[in-house]
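Colleague: here's my sequence, what's the structure:
(one chain, ligands or ions: 2)
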Amino acid sequence: MKILVTGGAGFIGSHTVVELQNAGYEVAVVDNLYNASPKVIGRLEAITGKTVSFYKVDIRDREGLTKVFEQEKPDAVIHFAGLKAVGESVRKPWEYYENNINGTLILTDVMRKCGCKNIIFSSSATVYGDPAFIPITEECPKGTCTNPYGWTKWMLEQILTDLHTADPEWNVVLLRYFNPIGAHKSGTIGENPNGIPNNLMPYITQVAVGKLEKLHVFGNDYNTHDGTGVRDYIHVVDLAKGHVCALKKLEPGSGLSIYNLGTGVGYSVLDIVKSFEEATGVKVPYVIDPRRAGDIAECYSSPEKAEKELGWKAENGIREMCEDAWRWQSMNPKGYED
Ligand code: NAD
Ligand code: UD1
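Modeller: Ligands and ions are numbered 1, 2, ... in the order given. Now for the predicted structure:
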C-alpha cells in the first residue's frame, strides 16, 4: 500500500514517514519546503534505510500535483501540508485561508480525479476553542476558534465531512492533535521553528542550548494547580504512530472517523520546566510574564476513543519527551542549518 504524505518534510510529517516505512508502507512525500529543509529526506533515509520518493511541489500547483498522483498512484493521502503559526495567522489571514483552504481544495480535487478518495487530515485541539469541558472528548462543542489558523482547521473539517456526505466513497479521518513535542530517538530529525519559537518546548530547548536567555512564562494566575497553563503534551513519535493506526479507518466503507490524539494527562508550564531540568540536568531560567492573549487555562484530551477503536495509546511519558527534544536540540543547535 502506498501513502502520499503532504508536508512530509515538516515536523510531524517527517516522523510519520519513519513510522509508515517501519510499518512496511511505501511512501511518497510532497512538500514545497516553505517551512522545511531538503536535508530532512536524507535523514529519513538514514533512519529507515529505505528510499523516500520526494517531490518539491506546492499542493496548490494542480498540474504538478496531478503528475505526482499519476506517477505514484497512492492508495491514501496523509495531509499535513499547511501553515500553522497562530500569531502569524492573525497578521496574515488571507495567506492562511489561501494556503490551507485552497491547498486542501486542490488536493482533494486532484485526488478524486485520480480515483484516490482516502484521506487522513491533521486537525487540532484548537477546534475546541476554550473547551466546554475537560477532559475533552470528540463530542466537545467546536467552532469557537480564536484565530484564522484555528478557523482553517474548523472549516477544513467541515469541507472534508461534506465531501464524504456527498460521496460515501470518500473515507476521511480527522485527527485532532494536542501538543506535539519531542523528537525521533536518533536526534537527527525534530522541530525546527523559524525565528523565535512561539511554542513552549522549542523555547525551552533554545534557552537550554544558550540561544535564548530565559523562558517567559505567560501568566501564573490561571485556575490550575500552580497557576500556569496546563496542556496535553504528546511525543511526536506516538502521534506519528497514531496515523499508522488510523490507516485502518480508510478501508472501503469506513466513512468519516474523528479522533483526539493526546495522552489524557495535563502538565503545567512549570511542570514542564521541572521535568525538563530533571530529564536533562540542564537549568532553565524563567520569569513570570503577563498572560498571552488568546491563551486558555487548561486543555487536555480524553484519548479513549482512539484507544478503543484504533488500538492506539501514547507510550512515551514526559521524561522521554524532554530527553528526546533535548537530544535533537543539542545535536542540532541550529536545526537543519548545521
Ligand atoms: P510543519 O510546518 O513542520 O509542517 C508542514 C509542512 O507543510 C512544511 O514542511 C511545509 O513546508 C509544508 N507546506 C506548507 N504549505 C504547503 C503547500 N502549500 N504545499 C506543499 N507543502 C506545504 O508543521 P507541523 O508541526 O509538522 O504540522 C503539520 C500539520 O499538523 C499542520 O497541518 C498543522 O497545522 C497540524 N498541527 C500541528 C500542531 C503542532 O503543534 N505542531 C498541532 C495541531 C495540528
Ligand atoms: C498553541 C496554539 C494552538 C496550536 C498549538 C500547537 C496559541 C494560542 N495556540 O497552543 O492553536 O494548536 O500551539 O501548535 O498559540 N508558554 C509560555 N511561554 C512560552 C510559550 C508558551 O509560558 O514562551 C505557555 C503557554 O501560555 C501555554 C503553554 O506554554 O500555557 C503551551 O503553549 P504553546 O506551546 O504555545 O501551545 P498552546 O498555546 O497550547
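
Colleague: only C-alpha atoms for contact and neighbour calcs from this point on.
Modeller: OK.

Colleague: and Pro141, how many neighbours?
Modeller: Per other CA atoms under 10 Å, the neighbour tally for Pro141 reads 15.

Colleague: ok, it touching Pro131?
Modeller: Yes - if you go by CA atoms under 8 Å, Pro141 and Pro131 touch, sitting 7.4 Å apart.

Colleague: need the contact list for the closest residue to ligand 1 within the stretch 201-338 of the chain.
Modeller: Proximity of the stretch 201-338 of the chain to ligand 1 (CA to the nearest ligand atom) peaks at Val236, 8.8 Å away. Val236 sits next to 12, 15, 180-184 when contact means CA atoms under 8 Å, 6 or more residues apart in numbering.

Colleague: look at it and report its pLDDT.
Modeller: Turning to Val236, the model gives it a pLDDT of 99.

Colleague: so which residues of the protein form strands?
Modeller: 2-6, 26-30, 53-55, 76-79, 118-124, 171-177, 179-181, 215-218, 230-231, 233-235, 256-261, 267-268, 286-289, 298-299 (DSSP state E).

Colleague: between these, which one is nearest to Phe69?
Modeller: strand 2-6 (8.5 Å; CA to CA).

Colleague: any idea how far Thr104 is from Thr126?
Modeller: 18 Å (CA to CA, to the nearest Å).

Colleague: name the helices or strands packed onto the lowest-mean-pLDDT helix or strand in the chain?
Modeller: Lowest by mean pLDDT, DSSP states H and E among the helices and strands of the chain is helix 86-91, with a mean of 93. Judged by 3 or more CA pairs under 8 Å, 6 or more residues apart in numbering; DSSP states H and E, helix 86-91 is in contact with helix 148-166.

Colleague: what's opposite the closest residue to Lys305 other than its chain neighbours in the beta bridge?
Modeller: Among residues not flanking Lys305 along the chain, Tyr259 sits closest, at 6.6 Å (CA to CA, 6 or more residues apart in numbering). Residues in a beta bridge with Tyr259, per DSSP bridges, are Leu175.

Colleague: residues of the stretch 101-250 of the chain that sit close to ligand 1?
Modeller: Contact residues (CA under 6 Å from any ligand atom) of the stretch 101-250 of the chain with ligand 1: 103, 122-124, 177, 179-180.

Colleague: the residues you listed into JSON lines, with extra columns for neighbour count, distance to ligand 2 and pLDDT?
Modeller: Shown next, in JSON lines, are these (neighbours: other CA atoms under 10 Å; distance: CA to the nearest ligand atom, whole Å; pLDDT from 0 to 100):
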{"residue": "Gly103", "neighbour count": "19", "distance to ligand 2": "19", "pLDDT": "98"}
{"residue": "Ser122", "neighbour count": "21", "distance to ligand 2": "10", "pLDDT": "98"}
{"residue": "Ser123", "neighbour count": "25", "distance to ligand 2": "8", "pLDDT": "98"}
{"residue": "Ser124", "neighbour count": "19", "distance to ligand 2": "5", "pLDDT": "97"}
{"residue": "Tyr177", "neighbour count": "22", "distance to ligand 2": "7", "pLDDT": "98"}
{"residue": "Asn179", "neighbour count": "22", "distance to ligand 2": "5", "pLDDT": "98"}
{"residue": "Pro180", "neighbour count": "22", "distance to ligand 2": "7", "pLDDT": "98"}
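
Colleague: among those residues, which one lies nearest to Val244?
Modeller: Of these, the one sitting nearest to Val244 (CA to CA) turns out to be Ser122, at 13.1 Å.

Colleague: the residue nearest to Lys305 is in contact with Glu304, isn't it?
Modeller: No - the criterion here is CA under 8 Å, and Tyr259 misses it with Glu304 at 9.1 Å.

Colleague: neighbour-wise, which of those two wins?
Modeller: A side-by-side neighbour count of Tyr259 and Glu304, using other CA under 10 Å, places Tyr259 first with 23 against 20.

Colleague: do you know how far that one is from Gly317?
Modeller: Counting by CA to CA - Tyr259 and Gly317 are separated by 20 Å.

Colleague: again, but for Gly49
Modeller: 27 Å.

Colleague: please apply the same query to His184.
Modeller: Counting by CA to CA - His184 and Gly317 are separated by 14 Å.

Colleague: same check on Tyr222?
Modeller: From Tyr222 to Gly317 the distance is 24 Å (CA to CA).

Colleague: between these two, tell me which one has more neighbours.
Modeller: Tyr222 (16 against 13).

Colleague: can you give me phi and psi for the more buried one?
Modeller: Per-residue torsions, Tyr222: phi -80, psi 160 (degrees, to the nearest 10).

Colleague: that one touches Ala297, doesn't it?
Modeller: Yes - counting by CA under 8 Å, Tyr222 does reach Ala297; the two are 5.6 Å apart.

Colleague: what is in contact with the two at once?
Modeller: By CA under 8 Å, 6+ apart, the residues touching both Tyr222 and Ala297 are 228-229.

Colleague: burial check on the closest residue to Leu160 other than its chain neighbours, number of neighbours?
Modeller: Spatially, and ignoring its direct neighbours in sequence, Leu160 is nearest to Val172 (6.9 Å; CA to CA, 6+ apart). For Val172, the count of nearby residues is 26 (other CA under 10 Å).
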